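*Asks:* build me a model:
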Amino acid sequence: MDDGLNWLMAWYFRQCNGHWEHFYGVKVETLDNPGWLLRIALRETPLHGRKFTPVIHRTAAADLEEWQQTGGWWTAKVDGDMFEAACGPLDLNSVIAVFRQWAESSNH
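*Replies:* Numbers count the residues shown, from 1 in each chain. From the prediction side, this is the model:
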């Protein structure tokens with residue numbers, strides 16, 4: 001099984017140059033509905049300025065009960081210099097996969 005978190009750690013490490021990691025980086029936070037928020041700074045990376053088509057997989061659950069009824073969800077977009085994705089509590093690997101697919105796609 002492919003491990004998205006290991007891939008993301010390696011991507012982060014490749015961006016580190018003695019400067020980037022001091023001003024930019026990757027943030028993973030929890031949401032209260034519950035879920036995850038993934039924010040990845042794109043400035044000074046090969047992805048900066050690259051077109052990204054927003055992704056929506058189902059509607060975000062308002063709370064744990066709704067999530068248990070409806071299942072996984074995620075959204076991803078680029079807002080300025082930031083990749084931003086939100087997802088359900090078991091979908092973090094899915095949004096990492098969205099970022100990975102975009103980062104590895106050949107249309108630079």
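*Asks:* tell me the spacing between Leu37 and Val98.
*Replies:* Applying CB to CB, to the nearest Å, the value for Leu37 to Val98 is 14 Å. Bear in mind the C-beta positions are built from the backbone N, C-alpha and C, glycine included.
*Asks:* which of the two has more neighbours?
*Replies:* Per other CB atoms under 10 Å, whichever of Leu37 and Val98 has more neighbours is Val98, with 20 against 15.
*Asks:* where do the contact lists of Leu37 and Val98 overlap?
*Replies:* Common contact partners of Leu37 and Val98 (CB atoms under 8 Å, 6 or more residues apart in numbering): Ala85.
*Asks:* check which helix or strand covers Gln101.
*Replies:* Using DSSP states H and E, Gln101 sits within helix 92-104.
*Asks:* what about the closest residue to Arg58 other than its chain neighbours, how many neighbours?
*Replies:* Leaving out its chain neighbours, the residue that sits closest to Arg58 by CB to CB, 6 or more residues apart in numbering is Trp73, at 4.0 Å. Trp73 is flanked by 20 other residues according to other CB under 10 Å.
*Asks:* again with Ala10
*Replies:* 9.
*Asks:* one step back: hmm, Leu90 and the residue nearest to Arg58 touching each other?
*Replies:* No: in this structure, Trp73 is not within contact of Leu90 by CB atoms under 8 Å, at 10.3 Å.
*Asks:* low pLDDT regions in the chain?
*Replies:* Confidence mapping of the chain against pLDDT under 70 gives the ranges 1-2, 106-108.
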